[in-house]
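J.: using only what follows, build the 3D model:
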Amino acid sequence: MPRPDPLLLVLDGNSLLHRAYHAGAGDGWVDDDGNPIWALRGLFGYMARAAAHLRPDAIVVGFDCPVDSARRVDYPPYKAHRPDKAEDLTAQLLAAPDLLRDAGVCVVVPPAYEADDVLASAAATARADGWRSVLMTSDRDAFALIDDATTVLRVRNGGFDEAVLIDAAALPALYGVHPWQYRDFAALRGDPSDNLHGVRRFGATTAAKLLTAFGTVEAAWEAGVDLIRDAVGAHAATTFTADGARDIVDRNRRLMAMRHDLPIPDLSGARLPLSMAVMRRALRARGINLGPSLWALTGGDPPTAPDADPTPEFRPWVFRGSLTARREPTPGQLSLF
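T.: Okay, here's the model as predicted:
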């Protein structure tokens, strides 16, 4: 039986560290100097658990540039509504790239761009090299990157146990659109978290109806108002064909587009296993103790007893639901297992 193509796991460091920060805020773990470490510990926990279940051949972690933003230069209101981050969150975001590097993990922080761009560029690099990739994030933007070689592991509320692995077969069942339509879908409905409003009267359902009928927004505009009205109703057809709608969609698509051409280190340098000694030394220097849960990252063997790993991050993979009300995994969720 031929071996499958090698697998690259790419983590959205910002989104996962944010999620770990809020999930562990009540614990308030700090190091001996009083510096916060719970989000850093949670990020390593996410990475270790994903590696234990996906068994990747290499790992890359991407982070937003903390200094400049090409998208904000393009459109100053981009993310401008967000309140300042808490100091203990900012401290851990700034510390994470160096901690990961010290632990031997391949990290990419692109000047002026974001972790999403690292995911897109890493997926393109993997595809060109004959690899598969799994993009681990809590953001939906990565759905636009799904193809026959690229899958998204989305971490949702409830943490890793509520994560879902979504491939090209699953996305239409979840949102009613294919991956190649997802950027149009997102542009129509907007993204309030990035301060990008969409076309009025276009939520997820109406956007999916339009794209189901016409394929793309350009094809819909070319079809004319009468056919648009048949697909989405009179009110939505009016707003979609009104002055300014094209500008909204074009702006959103431009800002939501992810770079596929950022430099990604040679994947040979991101290969697993990593050194257990190096990783534990880096973590312990920050007051973080993670033991057997690191086995998949460091080439060890899985724990042989349920209590062999004292860290709370490592528990069996359980699907407790999907993005819909289904009890079973959606199509393709288990395709990489």
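J.: buried residues in stretch 149-159?
T.: Buried residues in stretch 149-159, counting neighbours by 16 or more other C-beta atoms under 10 Å, are found at 149-156, 159. C-beta coordinates here come from the backbone N, C-alpha and C atoms, glycine included.
J.: for the residues you listed, work out which two are farthest apart.
T.: Largest separation among the buried residues of stretch 149-159 by C-beta to C-beta: 149 and 159, giving 27.1 Å.
J.: quick check, nearest of the buried residues of stretch 149-159 to residue 31?
T.: When the buried residues of stretch 149-159 are compared against residue 31 (criterion: C-beta to C-beta), the nearest one is residue 159, at 22.8 Å.
J.: leaving out the residues flanking it, which one is nearest to the closest one?
T.: Excluding the flanking residues, the one nearest residue 159 by C-beta to C-beta, 6 or more residues apart in numbering is residue 23, at 5.8 Å.
J.: isn't there a helix covering the one you found?
T.: Yes: checked against DSSP: H, G, I helix; E, B strand; the rest coil, residue 23 lies within a helix.
J.: neighbours of it, just the number please.
T.: The tally of other residues near residue 23 (other C-beta atoms under 10 Å) stands at 19.
J.: in the helix or strand hosting residue 277, which residues are buried?
T.: Taking DSSP states H and E as the criterion, residue 277 maps to helix 276-285. Residues of helix 276-285 classed as buried: 276, 279-280, 282-283 (neighbour count, 16+ other C-beta under 10 Å).
J.: give me the residues contacting the very next helix or strand once past that helix.
T.: Using DSSP H and E, the helix or strand that follows helix 276-285 in sequence is helix 295-298. Applying C-beta atoms under 8 Å, 6 or more residues apart in numbering, the contact partners of helix 295-298 are 47-48, 51-52, 55, 59, 272-276, 279, 301-303.
J.: residues contacting the nearest residue to residue 289 once chain neighbours are set aside?
T.: Closest residue in space to residue 289, ignoring its immediate chain neighbours: residue 283 at 7.0 Å, by C-beta to C-beta, 6+ apart. The neighbours of residue 283, taking C-beta under 8 Å, 6+ apart as the test, are 44, 99, 103, 289-290.
J.: from these, list just the buried residues.
T.: With burial judged by 16+ other C-beta under 10 Å, the buried subset of the contacts of residue 283 is 44, 99, 103, 290.
J.: quick one on the thing from earlier: among the contacts of helix 295-298, name the ones in strands.
T.: Mapping those onto strands (DSSP state E) picks out residue 59.
J.: weed out the non-buried ones from the contacts of helix 295-298.
T.: 47-48, 51-52, 59, 272-274, 276, 279, 303.
J.: spatially, which two of those are the most separated?
T.: Checked with C-beta to C-beta, the buried ones among the contacts of helix 295-298 reach their widest spread between 59 and 303, with 20.2 Å between them.
J.: mind giving me the domain ranges of the protein?
T.: For the chain, automatic domain parsing gives the domain ranges 7-168+262-298, 176-256.
J.: hey, which of these is tucked in deepest?
T.: domain 7-168+262-298 (a mean of 19; mean count of other C-beta atoms under 10 Å).
J.: the helix or strand harbouring residue 99 vs helix 276-285, what angle?
T.: Applying DSSP H and E as the criterion places residue 99 in helix 87-102. Helix 87-102 and helix 276-285 are oriented at 160 degrees to each other (axes from the mean of the first three to the mean of the last three C-alpha atoms, to 10 degrees).
J.: quick one: list the elements packing against helix 87-102.
T.: Where contact means 3 or more C-beta pairs under 8 Å, 6 or more residues apart in numbering; DSSP states H and E, helix 87-102 is packed against helix 13-24, helix 38-54, strand 106-108, helix 276-285.
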